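# Whatever this is, show me its structure:
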Amino acid sequence: MWLLLVMAAGALVGAGLLLAGMLVAQPRTSGPVALAQLDARLARGRRQATVTADRRHQAESARMRKFGAEISDSLDNRGIRLPRSLRASLAMVGQSREMFLAQTVLCGLLGLVMPALLLGALSALGLLGVTIPFWLSVIGAVLGAAAPYLQVSSQATERRRGFRHVVSSFLDLVAMNLAGGRGVPEALQAASHISDGWAMVRIRDALEAARLQGRTPWAALGDLGEEVDVDELRDLSAALALVAEDGAKVRDSLTARAASMRRKELADAEGRAAARSQSMLVAQLLLCVGFLVFLGYPAVAQILG
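Purely as a prediction, here's the structure:
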């Protein structure tokens with residue numbers, strides 16, 4: 001028991017000293033590098049305030065964000081950046097980078113400490129050795145640190161699927177507005193005000209921010225597609241940039257793209273339905289095998305006995 005407590009205390013003290021050393025011994029940065037980091041932080045803050053409209057209804061702890069900001073600054077000073085896919089997933093679910101880093105570190109520490117605390121009594125009674133709680137703590141730390149990433153990835157996949165469905169409807173609405181005689185910027189603005197869903201609100205906020213900044217709306221759609229990793233928005237931005245002056249070609253192109261997206265969504269839905277049908281078939285086969293074993297076991301036991 002004492003050995004286990006000493007190991008847990010040593011792990012906590014070592015983690016604290018490592019974190020304190022990382023925060024205190026910050027590498028010195030030059031003036032241009034510091035200005036570039038400040039510009040990147042301000043740009044990220046503007047995107048969170050204007051583009052991610054669903055964040056307005058999502059409360060994040062100020063202490064958690066402050067703790068995550070310290071970790072983020074430490075990573076930036078060392079040139080460590082999050083993967084692009086993870087940044088896109090965070091932008092899709094509307095979660096800040098600082099909150100994600102804070103959750104990752106805290107969940108990792110929780111997974112490290114909890115097995116030692118729960119199995120300490122069994123080790124004290126001699127039912128378990130010290131090796132099993134140690135390895136369970138290591139595994140718990142890895143699983144705890146990976147839990148926020150898995151949660152964000154799963155949520156981003158579901159929301160990205162819904163976002164693509166909204167984009168296909170948005171293209172149809174833009175084509176209808178173009179058929180009514182409106183220009184491309186006016187058609188995009190009018191189509192984005194049809195719905196108040198979270199995906200349409202994000203598109204509307206991106207277009208409104210572009211209008212206030214004096215940028216073209218298709219450039220804003222391309223930036224939004226790059227941020228949330230939606231290829232359809234990037235393709236739409238490229239198409240509108242090429243043929244923005246020709247309303248008929250734009251209208252035909254948007255209609256064709258919307259139809260193509262609906263066919264792709266239908267194929268994906270059929271694929272998911274087929275996969276679930278196969279899973280149900282396997283479950284039914286397992287039930288049948290179990291029932292046959294239940295029926296045949298008395299006769300087999302009687303013969304072998």
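# Quick one: neighbours of residue 201, just the number.
By the other CB atoms under 10 Å criterion, the neighbourhood of residue 201 contains 19 residues. Yep, even glycine has a C-beta here, placed from its N, CA and C like the rest.
# Which strand or helix spans it?
Element membership of residue 201, judged by DSSP states H and E, is helix 198-213.
# got it, and residue 114?
For residue 114, the enclosing helix or strand under DSSP H and E is helix 97-124.
# buried set for that helix?
Counting neighbours by 16 or more other CB atoms under 10 Å, one finds that the buried residues in helix 97-124 are 97-109, 111-113, 115-116, 119-120, 123.
# How about stretch 78-87?
Buried residues in stretch 78-87, defined by neighbour count with 16+ other CB under 10 Å: 86, 87.
# Between the two ends of it, what distance do you get?
By CA to CA, to the nearest Å, the extent of stretch 78-87 from end to end equals 18 Å.
# for that stretch, the distance to its chain's centre please.
Here the centre of mass of C-alpha atoms in stretch 78-87, compared against the chain's by CA atoms, centre = their mean, to the nearest Å, lies 13 Å away.
# for the stretch 101-250 of the chain, which spans come out with low pLDDT?
Applying pLDDT under 70 to the predicted model, the residue ranges of the stretch 101-250 of the chain that meet it are 120-130, 243-249.
# now the helices for it?
131-179, 184-192, 198-213, 217-228, 231-242, 247-304 (DSSP state H, counting those that start in this stretch).
# Turn those into a markdown table, including distance to residue 87.
Written out in a markdown table, the entries for the helices of the stretch 101-250 of the chain read as follows (distance: least, CB to CB, whole Å):
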| stretch | distance to residue 87 |
| --- | --- |
| helix 131-179 | 10 |
| helix 184-192 | 24 |
| helix 198-213 | 16 |
| helix 217-228 | 8 |
| helix 231-242 | 16 |
| helix 247-304 | 24 |
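# Convert the helix holding residue 201 to PDB, retaining C-alpha atoms only.
The C-alpha coordinates for helix 198-213 follow below in PDB (Å, rounded to 0.1, in the frame of the first residue of the first chain):
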ATOM      1  CA  TRP A 198     -27.200  26.200 -37.000                       C
ATOM      2  CA  ALA A 199     -25.600  25.400 -40.400                       C
ATOM      3  CA  MET A 200     -27.500  28.100 -42.300                       C
ATOM      4  CA  VAL A 201     -26.700  30.600 -39.600                       C
ATOM      5  CA  ARG A 202     -23.000  29.800 -40.000                       C
ATOM      6  CA  ILE A 203     -23.300  30.400 -43.700                       C
ATOM      7  CA  ARG A 204     -25.200  33.600 -43.100                       C
ATOM      8  CA  ASP A 205     -22.700  34.900 -40.600                       C
ATOM      9  CA  ALA A 206     -19.800  34.100 -43.000                       C
ATOM     10  CA  LEU A 207     -21.500  36.100 -45.800                       C
ATOM     11  CA  GLU A 208     -22.400  39.000 -43.400                       C
ATOM     12  CA  ALA A 209     -18.800  39.200 -42.200                       C
ATOM     13  CA  ALA A 210     -17.500  39.200 -45.800                       C
ATOM     14  CA  ARG A 211     -19.900  42.100 -46.600                       C
ATOM     15  CA  LEU A 212     -18.700  44.200 -43.600                       C
ATOM     16  CA  GLN A 213     -15.100  43.500 -44.500                       C
END
